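In: take this sequence and fold it.
(one chain, ligands or ions: 2)
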Amino acid sequence: MEIINGLDFQLQNSSVSLGKFDGVHRGHRFLLQEIQKNKSYIPTVFTFAMNKEIPKLYTQEEKNRVLEEIGIQREVVFPFNETTKHMSPEEFVEEILVKKMDAKHICVGKDFHFGKDRGGDIHTLERFQKKYGYELVTVPKLYDDGQVISSTRVRALMDQGNMRKVNELLERPFFVQGTVCHGEALGRTIGFPTANLLAPKGKKLPPFGVYATKVHCGKKVYAGVTNVGNKPTVGSFATGIETCILDFEKDIYGKEIQVEFYEFIRPEMKFATLDDLKAQIAKDKSKAQRIV
Ligand SMILES: Cc1cc2nc3c(=O)[nH]c(=O)nc-3n(C[C@H](O)[C@H](O)[C@H](O)COP(=O)(O)O)c2cc1C
Ligand SMILES: Nc1ncnc2c1ncn2[C@@H]1O[C@H](COP(=O)(O)OP(=O)(O)OP(=O)(O)O)[C@@H](O)[C@H]1O
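Out: Ligands and ions are numbered 1, 2, ... in the order given. So this is what the prediction gives:
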């Protein structure tokens, strides 16, 4: 997938979908299928560079990975700055969608808003269709269990540790991607070596606790059991994602991995002794083995 950052680009023949796309959930996927239907256009996602206020399900790199996975060929990551923030809806359509992206087909959800003070909507896009020669398709919002599917809802489900439902709405397992770094090397001495990731900046994590996981390393996939937290039994560390990969001996320091979360097993706890922690981790491992 081609990733375009900034304002300096010129594309041809785009079929465009616009939004934040945090999580690339079922509703997003429904929309993104639409821009892949007409094979003479290039399926392109337009998204604003992420605001940092709310922790996101995926970092920019993780989102890129998922968009590529589902067949998107180009992603424009547009800066949200003083100039772009103040663009009127028509200016945005003419300057960005038409002139820079050569949009032939535009597909958005019915509640989509854009431009200065979110003043543009699907009626604005409809109005300019003839003038600028693109075709607009709007899709209804998808519901699940009587509630609209949105990134906000998926984030709330994650706060409850409900990974099964999160994964169902994301249509893939939620994951954390990162480079395996050194921990305190205590894991090895207590008999449970772990592959450690630091919590990516700005990323929303499931509640502190232990999860049944799968680890992708290169082309291989392994079952694992992962602790998300700051290890209160051994001190207080920065939030980490520590995975004990089951039946695995290799050294993977420095390797990029993806840890997929399947099910919450228990909350993180402070144990009285390391032996108590070891006994609990042994139980966690058997439980994870049965789940993944
Ligand atoms: C499956 C699993 C469960 C864990 N549960 C806890 C826990 O409940 N409380 C805690 O303080 N640390 C927990 N840990 C973290 C361990 O304390 C940590 O892995 C160990 O101290 C080794 O750390 P190191 O890799 O930095 O050497 C857990 C680790 C794993 C792999
Ligand atoms: N449930 C859904 N069904 C169909 N389209 C959707 C759905 N949710 C969002 N969309 C559309 O996908 C695009 C991107 O949506 P966006 O990520 O901005 O919103 P969202 O998922 O509702 O997130 P948030 O909860 O942050 O508002 C928009 O065009 C939006 O209308």
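In: state the helix or strand in which the nearest residue to Gly240 once chain neighbours are set aside lies.
Out: The shortest distance from Gly240 to any non-neighbouring residue, by C-beta to C-beta, 6 or more residues apart in numbering, is to Asn196 (5.5 Å). All C-beta atoms are positioned from the backbone trio N, CA, C, and that covers glycine. Asn196 is part of strand 195-198 when elements are defined by DSSP states H and E.
In: correct me, but Lys85 touches Arg118?
Out: No. Assessed by C-beta atoms under 8 Å, Lys85 is found out of contact with Arg118, at 10.8 Å.
In: quick check: residues of this protein near ligand 2?
Out: 18-22, 27-28, 30-31, 108-109, 111-112, 139, 141-142, 148-152 (C-beta under 6 Å from any ligand atom).
In: hang on, the earlier thing: flag every buried residue along the strand holding Asn196.
Out: Ala195, Asn196, Leu197 (16 or more other C-beta atoms under 10 Å).
In: next SSE after that strand?
Out: strand 209-217.
In: check whether that next one comes near ligand 1.
Out: Yes. Using C-beta under 6 Å from any ligand atom, we find that strand 209-217 touches ligand 1 at Val210.
In: what's the model's confidence in that strand, averaged?
Out: Strand 209-217 shows a mean pLDDT of 98.
In: then that strand to PDB, C-alphas only?
Out: The C-alpha trace of strand 209-217 is given here as PDB (Å, rounded to 0.1, in the frame of the first residue of the first chain):
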ATOM      1  CA  GLY A 209      -4.400  -8.300  33.200                       C
ATOM      2  CA  VAL A 210      -3.600 -11.700  31.600                       C
ATOM      3  CA  TYR A 211      -4.900 -12.700  28.200                       C
ATOM      4  CA  ALA A 212      -4.800 -15.700  25.900                       C
ATOM      5  CA  THR A 213      -3.000 -14.500  22.800                       C
ATOM      6  CA  LYS A 214      -1.400 -15.500  19.500                       C
ATOM      7  CA  VAL A 215       2.000 -14.100  18.400                       C
ATOM      8  CA  HIS A 216       2.900 -13.500  14.800                       C
ATOM      9  CA  CYS A 217       6.700 -13.500  14.300                       C
END
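In: mind starting the numbering at 863 from now?
Out: New numbering, starting at 863: the last item is strand 1071-1079.
In: outside of it, which residues touch it?
Out: 1023, 1025, 1035, 1037, 1057, 1083-1091, 1105, 1107, 1114, 1117, 1119-1130, 1146, 1149-1150, 1153-1154 (C-beta atoms under 8 Å, 6 or more residues apart in numbering).
In: equivalent analysis for stretch 923-941, please.
Out: Counting by C-beta under 8 Å, 6+ apart, 863-869, 871, 873, 876, 883-884, 886, 891, 894, 898, 904-911, 920, 922, 946, 958, 963, 1034, 1037-1039, 1062, 1065, 1120 sit against stretch 923-941.
In: stretch 886-903 now?
Out: Taking C-beta under 8 Å, 6+ apart as the rule, stretch 886-903 contacts 875-879, 881, 883, 905-907, 920, 925, 928-929, 932-934, 966-967, 969-971, 999, 1001, 1003-1004, 1006, 1010-1013, 1016, 1031-1033.
In: who does the residue of the stretch 913-1062 of the chain found nearest ligand 2 bridge with?
Out: Closest approach between the stretch 913-1062 of the chain and ligand 2, counting by C-beta to the nearest ligand atom: Gly971, at 1.9 Å. In this entry, Gly971 is beta-bridged to Val1001, by DSSP bridges.
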